[in-house]
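*Asks:* Sequence first, then the predicted structure, then my questions.
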Amino acid sequence: MIKTVASKQLKEMLHDGGELALLDVREAGQFGESHLLFATPLPYSRLEIDIGALVPRQSARVIVCDDGVLGVAELAAKRLGKLGYTDVAVLDGGNQAWARDGQVLFKGVNVPSKLFGELVEHEYHTPRITAQDLVRMKETGEDFVLLDGRPLNEHRKMTIPGSTCCPNAELPYRVSSIVKSPKTKIIVNCAGRTRSILGAQTLINFGVPNPVYALENGTQGWYLSDLKLEHGADRKYPDRIDEAALPALKASAQKLIERFAIRTANAGQVESWLKEFDRTTYLCDVRTPEEFKAGSLSGALHAPGGQLIQATDQWVGVRNARIVLVDGGENVRAPVVASWLAQLGCDVWVLEGGIRSGLRAPAVEELPLPVLDTLSAADLKRALDSGACAVFDLGASMSFRKAHIPGSRWSTRARLSANASQSGKPVVLVAEEAAVARLAATELFDSGIKDVKLLEGGNPAWTKADYATESTPDSPADAECIDHLFFVHDRHAGNKAAMRQYLAWETGLMAQLDDQDKRSFRIHASK
């Protein structure tokens, strides 16, 4: 018997100070259209892949939700029970009941962090300039530098001409290696609003002497002003900092520690926390991808600092858990990130010595997945030509529209059994990630379909074999593309209406926030 909780009870649980994992197990597009503010997205299609990192403690309180109609929450709750999670319940009536009981549902992704950015701008009065202001500064030859606070992959996709990539958590650490004069104006941009605001305010809080501004509405504001974006830019932060600047950087970071009452812990203390059965501790390495790849602490999750603030729910699935941050031992980046996570309402700590602390932590264990027999592209081609199998593509719906194996159907884990039972044929699964197909196969096995194989190498193997693909721009239909949130993604494809909708969504978030939820944020703007 699956336990349930009513929406009123869940509201109390969210604010009782205890640990709680609230997991929305619908696909990404469904989640983005309407969800609870503090829900963590964990699509059922990836449940066993991601649950170990998101909710590492199996005795944690877990509430699973969907829209109240799909039934996927019950499926996920049963799977979690089989995995060893001991305190799992389903939100009775799902999101629909939550709304009927007078609670607010939110649209979009990473909403707590987006809301936080708007609250920060409101409380700190973060200085900003518009796209037109920036154009005038360029035309008049003003002394300024434009820094893109997003990761390099996002910067490459599109940015303001002339900007240099320097993700937000790296800004205080590396800005003195980029900007040599204290009179040079520093402007921080992102694709929209949040990282522009937080990047600029990070530098201001850190005490840089330069005038600092957020570029209002980022690349979208630029494009909506009929200005051209730059694509494929590779300008990035310097890999090495100016060592002579390090003492001053550490002194500024220490002021942040004092201002925001940031707590530190040594390796021994953190090791003992990681062994606790009644408390969840996350160990997050906030350094750059290059540094993490070169080596990190065992058991540490790579959570680049700016992104950890921007999308906390990507790494931390348990509300009120303990978060320990790791930097390179310079004790600059971890305190910077901690200063914002503390204001987000997190229980955050900085690991003394960072990567050099000698901490020994257990690695995150990967859950075993079912083993599937594979077949080659050539074998699949012969089977399709003879009508001997049914092929289901479990990749992204937008990728399926662009190109897929002729005769294949798009599906998801939750829908696969119903889809496959209609064919009455052996099943072949195609996936961008083999683990996703292996999870989906469990649904087939449970429904009595045993003849299931995996296309080895997925769609790339089919293409490499020089077999034809087909495209279906309108199939699956928009309403069926439950893994895709159109208004978020289309803004990056030159869709001005989607950009305006997105920016209006961001600026409208504060009006949706009730007083109890607002108190979850602990913004400390006064010095």
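*Replies:* Now that the structure is in, tell me what you want to look at.

*Asks:* Could you pull out the helices in the stretch 351-500 of the chain for me?
*Replies:* Using DSSP state H, counting those that start in this stretch, the helices assigned to the stretch 351-500 of the chain run over residues 377-385, 397-402, 413-421, 434-446, 458-464, 486-489, 496-512.

*Asks:* Report the buried residues of the second one.
*Replies:* For helix 397-402, burial by neighbour count (16 or more other CB atoms under 10 Å) applies to 397, 400-401. Every C-beta, even on glycine, is put in place using the N, C-alpha and C of the backbone.

*Asks:* outside of the lowest-mean-pLDDT helix or strand in the chain, which residues touch it?
*Replies:* Taking mean pLDDT, DSSP states H and E as the measure, the helix or strand of the chain with the lowest value is helix 486-489, at a mean of 77. With CB atoms under 8 Å, 6 or more residues apart in numbering as the test, helix 486-489 has contacts from 29, 32, 108-109, 398, 478, 498, 501-502, 505.

*Asks:* can I get these in JSON lines with distance to residue 412?
*Replies:* Conversion of these to JSON lines gives the following (distance: CB to CB, whole Å):
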{"residue": "29", "distance to residue 412": "11"}
{"residue": "32", "distance to residue 412": "15"}
{"residue": "108", "distance to residue 412": "21"}
{"residue": "109", "distance to residue 412": "18"}
{"residue": "398", "distance to residue 412": "14"}
{"residue": "478", "distance to residue 412": "15"}
{"residue": "498", "distance to residue 412": "24"}
{"residue": "501", "distance to residue 412": "26"}
{"residue": "502", "distance to residue 412": "25"}
{"residue": "505", "distance to residue 412": "26"}
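
*Asks:* Buried subset of those residues, written for ChimeraX?
*Replies:* Per 16+ other CB under 10 Å, the buried members of those correspond to this ChimeraX selection:
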select :29,32,108,109,498,501,502,505
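
*Asks:* okay, the contacts of helix 486-489 in a markdown table with distance to residue 411 and pLDDT next?
*Replies:* Formatted as a markdown table, those follow (distance: CB to CB, whole Å; pLDDT from 0 to 100):
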| residue | distance to residue 411 | pLDDT |
| --- | --- | --- |
| 29 | 15 | 96 |
| 32 | 20 | 95 |
| 108 | 26 | 93 |
| 109 | 23 | 94 |
| 398 | 15 | 95 |
| 478 | 17 | 93 |
| 498 | 27 | 85 |
| 501 | 29 | 88 |
| 502 | 29 | 89 |
| 505 | 30 | 91 |
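
*Asks:* Show me which pair in the contacts of helix 486-489 is furthest apart.
*Replies:* Maximum pairwise distance in these, criterion CB to CB, is 20.7 Å, between 398 and 505.

*Asks:* how far is the helix or strand hosting residue 64 from where the chain is centred?
*Replies:* Assigned by DSSP states H and E, residue 64 belongs to strand 62-65. From the chain centre to the centre of strand 62-65 is a distance of 19 Å (CA atoms, centre = their mean, to the nearest Å).

*Asks:* list the buried ones in that strand?
*Replies:* Applying 16+ other CB under 10 Å to strand 62-65 flags 62-65 as buried.

*Asks:* quick one on the thing from earlier: using CSV, lay out the helices of the stretch 351-500 of the chain together with distance to residue 267.
*Replies:* Putting the helices of the stretch 351-500 of the chain into CSV (distance: least, CB to CB, whole Å) gives the following:
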stretch, distance to residue 267
helix 377-385, 50
helix 397-402, 43
helix 413-421, 40
helix 434-446, 32
helix 458-464, 42
helix 486-489, 40
helix 496-512, 39
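
*Asks:* Going along the chain, name the strands of the stretch 151-300 of the chain.
*Replies:* With DSSP state E, counting those that start in this stretch, the ranges of strands along the stretch 151-300 of the chain come out as 164-165, 185-189, 212-215, 263-265, 281-285.

*Asks:* Local confidence estimate at residue 405?
*Replies:* Per-residue pLDDT puts residue 405 at 97.

*Asks:* Verify the contact between it and residue 390 for me.
*Replies:* No. When contacts are counted by CB atoms under 8 Å, residue 405 is not listed as touching residue 390 (11.5 Å).

*Asks:* more neighbours, the two?
*Replies:* Legend: neighbour count by other CB atoms under 10 Å for residue 405 and residue 390, higher for residue 405 (24 against 21).

*Asks:* separation between the more buried one and residue 425?
*Replies:* Separation of residue 405 from residue 425 (CB to CB, to the nearest Å): 15 Å.

*Asks:* go on, residue 217?
*Replies:* 51 Å.

*Asks:* quick one, which of these two is more surrounded?
*Replies:* residue 217 (26 against 15).

*Asks:* what sits against the more buried one?
*Replies:* 130-131, 192-193, 196, 224, 503.

*Asks:* Which of these sits closest to residue 519?
*Replies:* Nearest member of the contacts of residue 217 to residue 519, counting by CB to CB, is residue 193, at 22.9 Å.

*Asks:* got the phi/psi numbers for that closest one?
*Replies:* Main-chain torsions, residue 193, degrees, to the nearest 10: phi -120, psi -50.

*Asks:* Let me know the pLDDT of the residue nearest to it when sequence neighbours are not counted.
*Replies:* Excluding the flanking residues, the one nearest residue 193 by CB to CB, 6 or more residues apart in numbering is residue 506, at 5.1 Å. What the model reports for residue 506 is a pLDDT of 92.

*Asks:* The one 10 residues further on now?
*Replies:* Listed pLDDT for residue 516 reads 95.

*Asks:* burial of it, as a residue count?
*Replies:* By other CB under 10 Å, the residues close to residue 516 number 11.

*Asks:* my guess is it meets residue 15, correct?
*Replies:* Yes. The pair formed by residue 516 and residue 15 meets the contact definition of CB under 8 Å, at 6.0 Å.

*Asks:* Let me know how buried residue 349 is, in neighbour terms.
*Replies:* Residue 349 is flanked by 22 other residues according to other CB under 10 Å.

*Asks:* in the stretch 51-200 of the chain, which ranges drop under the pLDDT threshold?
*Replies:* The model of the stretch 51-200 of the chain has no residue with pLDDT under 70.
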